[in-house]
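J.: predicted model follows, preceded by the sequence.
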Amino acid sequence: MRNILVLLGIICFWMFSPESYSLVGIGAGQAGFWAIIVLILFSLGIILALQVVATAREHNQAVFQDAGSFPHSTWALVLGFSALIGSTLFASTGILVRAGFTFNEVFYYRFPNFAFAFLLLAVLIAIHWFSPKVYLRLHAMFVLISVSSLVFLVVYGLLTENVSAEPSWSTGNASFASLVPLVIVFIGFEQMFFANIRKPGSSSYMYGIVIIATLVLAGWMFVSLKFVPAERLGSSTISYMTAAMHVMGQKGRLIMGMAIIAGACGAVSGLLRISCRYVETICGNKISPYVRMVAPPLLGIIIAALMSAGVAGSDKLEVYIRGSLLLWLIYSSLFVLAAAFHLRDTKRFYVITGFVFSSVIIVCALIMIILLEEREILTMFIVWSLAGSTLCVLLLKQMYRLLAFLESAYNYKEMNK
Amino acid sequence: MKTIVTFLCIAFLGVALPVFAGDVEIIDKDGLKEMLGSEDLVVIDVRAGRDWSSSEFKIKGAVREEPGKTASWAGKYLKDKTYVLYCA
């Protein structure tokens, strides 16, 4: 049971984050029932993709065990670095600010929203210094609180009649622009393979968790459409709060507030964990203990600097978040493609599945880039992100040499005392 | 010597100029609540990015303007009205 909860935390930290709640709410509002159908289709595609990677791992235990083992080329490490670190820095900034506003406006308006965001960041950095066992359980607890709150609202909404207004189930505006972004809800699915859960049958648990999580989100979309006019839902920047208010009034706001803050904790701690683990892999085992100590506070300082600099108040933050997440989507799709390619001599079905899945995801990413108004800013961001990541990856790969040099210099000094 | 004098002049101006700037009153929510509904009042929401999109509280009738580009939109408002700028 404990392992399942830890797996839940690892798989679903992004699916039950404030970003996903916002995406599904807006998607439901803009595309109506089509959004629910597309969400379920994306989840089925993810499960097929997971099966491809799981089969590749069974076929050869040496590959796909570690972030650095896929693939071994520097360009893949650069893509992964820019995706993960970019998402951690920018998405965390946005998520923490959202949590700060939620606390201030739902729970205690005298506590400044940014102060809460900084406090939350400090706590989430601190828990990374706990043992992995304790950390994973705290992380699972955050995600579980978010999921439970949402499930409560879904069940209440399904069992209650909407007496206030006639629901409008569809706006007639279903389009690529409203449906394609839903794939972002499943970002990070490839990370579940690095969960190091060794219990037999883990793959079945993974698929089960993805299915249940998708059904919960689909249920939330259904309940949101049942209680809130689709047009209002689709144009709201806080669709989750609007829907919660309509479902259960002030109590609904409080429950959704809990879901948002717990979801923010789960998302930010999950992003930090993934990024630190990725950097550890690039640096090598010898440096891992130092990376584990230094990376979380270093990332935390950068996030704090971004918040202090007022990046949250800039429209460019949304572009940076979207850019980082799109790079992550492309990285994930190439991950699946590499697994399928690895199976090319033995299981042709997985080759085809992997190719189709990767193509669909890359097409979705390209559609999102083309439809974004700030395409120029996005392009410059991706170029700079990849350039900066190249430098960082090359430096990190040499870290062990620097450490060896420092160690030998220290030993030399000791010998000559 | 010239550099020191230039630096001192700039520092003096930096300190002194705000003294000559008009006083901008800060108003709390209760004060604004009393004024809402007045025809002379214009609430300008200058929040941007997540500061605006994350907030549940958007004042009805408020006009959104970009915070860093005051010069581009200030001219379109009449001087005889009361303006309240709402920020994060």
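T.: On my side now, so go ahead.
J.: for A:Ser73, give its distance to A:Ile287.
T.: Distance, A:Ser73 to A:Ile287, using C-beta to C-beta, to the nearest Å: 21 Å. In short, each C-beta sits where N, CA and C put it, glycine included.
J.: right, I mislabeled it, should have said A:Tyr350
T.: Counting by C-beta to C-beta - A:Tyr350 and A:Ile287 are separated by 35 Å.
J.: equivalent analysis for A:Lys251, please.
T.: 50 Å.
J.: returning to that earlier point: A:Ser73 and A:Ile287: who's more crowded?
T.: A:Ile287 (18 against 9; other C-beta atoms under 10 Å in any protein chain shown).
J.: what sits against that one?
T.: In this structure, A:Ile287 makes contact with A:280, A:399-400, A:403, judged by C-beta atoms under 8 Å, 6 or more residues apart in numbering or on different chains.
J.: quick one: which of those is most hemmed in?
T.: The contacts of A:Ile287, ranked by neighbours (other C-beta under 10 Å): first place A:Glu280, 21 neighbours.
J.: and the one helix or strand that one maps to, does that touch chain B?
T.: Here A:Glu280 sits within helix A:239-283, counting by DSSP states H and E. Yes. If you take C-beta under 8 Å from any C-beta of the partner chain as the test, helix A:239-283 does meet chain B, through A:Met241.
J.: follow-up on the earlier one: closest to A:Leu327 among the contacts of A:Ile287?
T.: When the contacts of A:Ile287 are compared for distance to A:Leu327 (C-beta to C-beta), A:Glu280 wins out at 20.2 Å.
J.: and that closest one, what does it touch?
T.: Counting by C-beta under 8 Å, 6+ apart, A:Glu280 has contacts A:287-288, A:291-292, A:295.
J.: in strands, which of these appear?
T.: Using DSSP state E, no member of these sits in strands.
J.: mark which of these are buried, thanks.
T.: Buried residues within these, counting neighbours by 16 or more other C-beta atoms under 10 Å in any protein chain shown: A:287, A:291-292, A:295.
J.: which stretches of chain B have low pLDDT?
T.: B:1-23 (pLDDT under 70).
J.: which parts of it are strands?
T.: B:41-45, B:63-64, B:82-86.
J.: chain center to the second one: distance?
T.: Same thing as strand B:63-64. Its chain's average C-alpha position is 13 Å from that of strand B:63-64, according to C-alpha atoms, centre = their mean, to the nearest Å.
J.: that one close to chain A?
T.: No. Applying C-beta under 8 Å from any C-beta, one finds strand B:63-64 out of contact with chain A, separated by at least 11.7 Å.
J.: can you check stretch B:25-41 too?
T.: No. On the criterion C-beta under 8 Å from any C-beta, stretch B:25-41 is out of touch with chain A, staying 8.9 Å away.
J.: now do the end-to-end distance for that stretch.
T.: This stretch, stretch B:25-41, spans 15 Å end to end (C-alpha to C-alpha, to the nearest Å).
J.: picking that back up, need the winner for burial among the strands of chain B.
T.: Most buried of the strands of chain B, by mean neighbour count (mean count of other C-beta atoms under 10 Å in any protein chain shown): strand B:41-45, with a mean of 17.
J.: that strand pairs with which strands?
T.: Applying DSSP bridges, strand B:41-45 is found paired with strand B:63-64 (parallel), strand B:82-86 (parallel).
J.: got the CA coordinates for the last one in PDB?
T.: Same thing as strand B:82-86. Below are the C-alpha coordinates for strand B:82-86, written out as PDB (Å, rounded to 0.1, in the frame of the first residue of the first chain):
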ATOM      1  CA  THR B  82     -10.500  59.800  -9.900                       C
ATOM      2  CA  TYR B  83      -8.300  56.900 -10.800                       C
ATOM      3  CA  VAL B  84      -7.400  53.900  -8.600                       C
ATOM      4  CA  LEU B  85      -4.600  51.700  -9.800                       C
ATOM      5  CA  TYR B  86      -5.000  48.100  -8.600                       C
END
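J.: now do the phi/psi pair for A:Leu372.
T.: Per-residue torsions, A:Leu372: phi -70, psi 130 (degrees, to the nearest 10).
J.: look up the closest residue to it, ignoring the ones flanking it.
T.: Among residues not flanking A:Leu372 along the chain, A:Leu378 sits closest, at 5.7 Å (C-beta to C-beta, 6 or more residues apart in numbering or on different chains).
J.: let's have the strands paired with strand B:41-45 in JSON lines, adding distance to A:Ala117.
T.: Listed next are those as JSON lines, based on distance: least, C-beta to C-beta, whole Å:
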{"stretch": "strand B:63-64", "distance to A:Ala117": "23"}
{"stretch": "strand B:82-86", "distance to A:Ala117": "20"}
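J.: next, the angle from the helix or strand where A:Ile125 lies to helix A:239-283.
T.: With elements taken from DSSP H and E, the one containing A:Ile125 is helix A:113-126. Interaxial angle of helix A:113-126 relative to helix A:239-283 (axes from the mean of the first three to the mean of the last three C-alpha atoms, to 10 degrees): 40 degrees.
J.: who touches helix A:113-126?
T.: With C-beta under 8 Å, 6+ apart, helix A:113-126 has contacts from A:92, A:96-97, A:99-101, A:103-105, A:261, A:264-265, A:268-269, A:272, A:296-297, A:299-300, A:303-304, A:307, B:88.
J.: list the buried residues of that helix.
T.: Buried-residue list, helix A:113-126, by 16+ other C-beta under 10 Å: A:113-114, A:116-118, A:120-121, A:124-125.
J.: what's the lowest-pLDDT member of the buried ones among the contacts of A:Glu280?
T.: Lowest pLDDT among the buried ones among the contacts of A:Glu280: A:Ile287, with 75.
J.: how close does the nearest residue to that one once chain neighbours are set aside sit to chain B?
T.: Closest residue to A:Ile287 apart from its sequence neighbours, by C-beta to C-beta, 6+ apart: A:Met399 at 5.2 Å. Noted for A:Met399: a distance of 34 Å to chain B, by C-beta to the nearest C-beta, to the nearest Å.
J.: which residues in chain B form helices?
T.: Listed in chain order, the helices of chain B (DSSP state H) span B:2-20, B:29-35, B:49-53, B:70-73.
J.: work out for me the element the residue nearest to A:Leu372 sits within.
T.: helix A:375-397.
J.: pLDDT on that helix, on average?
T.: Taken as a whole, helix A:375-397 carries a mean pLDDT of 92.
J.: now the helix or strand following it against helix A:375-397, angle please.
T.: Going down the chain from helix A:375-397, the next helix or strand is helix A:399-415, by DSSP H and E. Relative orientation of helix A:399-415 versus helix A:375-397 (the same axes, to 10 degrees): 40 degrees.
J.: what's in contact with helix A:399-415?
T.: A:283-284, A:286-287, A:290.
J.: contacting residues for A:Leu150?
T.: Counted by C-beta under 8 Å, 6+ apart, A:Leu150 has contacts A:16, A:21, A:216-217, A:220, A:259.
J.: how about 6 Å then?
T.: A:220, A:259 (C-beta atoms under 6 Å, 6 or more residues apart in numbering or on different chains).
J.: tell me how far it lies from chain B.
T.: The spacing between A:Leu150 and chain B, counted by C-beta to the nearest C-beta, is 18 Å.
J.: now A:Asn285
T.: For A:Asn285, the distance to chain B (C-beta to the nearest C-beta) stands at 38 Å.
J.: and that residue, what's its pLDDT?
T.: Looking at A:Asn285, its pLDDT stands at 72.
J.: just say helix, strand or coil for it.
T.: coil (DSSP: H, G, I helix; E, B strand; the rest coil).
J.: against A:Arg292, how distant is it?
T.: From A:Asn285 to A:Arg292 the distance is 11 Å (C-beta to C-beta).
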